[in-house]
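Participant: Next one to model:
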Amino acid sequence: MDEGLNTTQPQPVSSVMSRSVTWLRRVVCAGLAVVGFSVVLNLGGKLWIELRSLAGEWASARDADPMGFIGVSGDQPDIKPPSCVREDGGRMYLWAGNGIKGQAGWFDVTGHSRATLVSFRYALGRDKVKTIDYPIFQPVDGEIVGRIYPERPVIGLEYDGEARAYPLTVMKKVEVVNDVYGGSPIAVTYCPLLDHAAVYERSLDGVPISLGSSGYCYQEAFVLYDRATDSLWYPKPEGLTAISGPLQGRVLPVREFPRTVTWGA
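Facilitator: Below is the predicted model of the structure:
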């Protein structure tokens, strides 16, 4: 055999093209895989965000569910007058909402300046936040109690071996429960803006005081009123204090600042 003679057999053209096509397919498949992974990753991220959003909405709806408690949702606010503060005959008045016949009612707040009164916020109208005046409690095996999730927060009280729980979901809607516990009238209150619970004695000179929502807040704390005299009551360190009306200056003492615990605790 002559030196220099190339003895390598030439490869068929079809074989070379086959390998080129195979290599090209692999490149294309790899490219498609990368693109597909990116699309899936992008869609997966969006899907995860959507799922988290839906889970948050479900949790909010669950936490706002009154769990079968009837009549705890408030009414629509009354239509406010152009000014909620007026002066008449040397006396100052704060709008209290519209009565049954649509006539405006007014709290007598004489002694307070207009500058202070205009700082009263919201002006929803009297009793638009519905307090509970005659609470009915269920035993632990009651139908509604069975709907309370273990992680639900409640305001827990215990006097003389008798325990009661006030679901925070309900307290956020009603703010005040006029209750009688151990033979003593008490007001169980919760201020949503301050996330603060307090229990007050609810009688003066042996007479029970029925408290309702005035529809106002002042410095983030609710302002209540009593249905017998229309006096306004405001929480202070020494107790729930009448700041206007015939009972101005009287105090409903603090009984306790209860703990908020979970129902399953």
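Participant: Show me where the stretch 51-200 of the chain has its strands.
Facilitator: Using DSSP state E, counting those that start in this stretch, the strands of the stretch 51-200 of the chain run over residues 85-88, 91-98, 104-108, 153-159, 162-167, 176-181, 184-191, 196-201.
Participant: can you pull the buried residues of the shortest one?
Facilitator: So that's strand 85-88. Neighbour-count burial for strand 85-88 flags 85, 86 (criterion: 16 or more other C-beta atoms under 10 Å). Every C-beta, even on glycine, is put in place using the N, C-alpha and C of the backbone.
Participant: packing partners for that strand?
Facilitator: Applying 3 or more C-beta pairs under 8 Å, 6 or more residues apart in numbering; DSSP states H and E, we find strand 85-88 packed against strand 91-98, helix 114-117.
Participant: so which of those is the most packed in?
Facilitator: Highest mean neighbour count among the helices and strands packed on strand 85-88 (mean count of other C-beta atoms under 10 Å): strand 91-98, with a mean of 20.
Participant: Mind listing the strands that strand pairs with, and their directions?
Facilitator: Under the criterion DSSP bridges, strand 91-98 sits next to strand 85-88 (antiparallel), strand 104-108 (antiparallel) in its sheet.
Participant: Let me see the mean pLDDT of the last one.
Facilitator: When you say that, I think you mean strand 104-108. Averaged over strand 104-108, pLDDT sits at 91.
Participant: tell me the helices in this structure, going along the chain?
Facilitator: Per DSSP state H, the chain has helices spanning 13-64, 114-117, 168-174. These are given in chain order.
Participant: what's the shortest one packed up against?
Facilitator: For helix 114-117, the packing partners by 3+ C-beta pairs under 8 Å, 6+ apart come out as strand 85-88, strand 91-98.
Participant: Report the mean per-residue pLDDT for that helix.
Facilitator: For helix 114-117, mean pLDDT is 95.
Participant: and what of the first one?
Facilitator: Helix 13-64 carries an average pLDDT of 57.
Participant: for stretch 256-265, same thing?
Facilitator: 90.
Participant: what comes up buried for stretch 106-124?
Facilitator: Of all the residues in stretch 106-124, those buried under the rule 16+ other C-beta under 10 Å are 106, 107, 108, 109, 112, 117, 120, 122, 123, 124.
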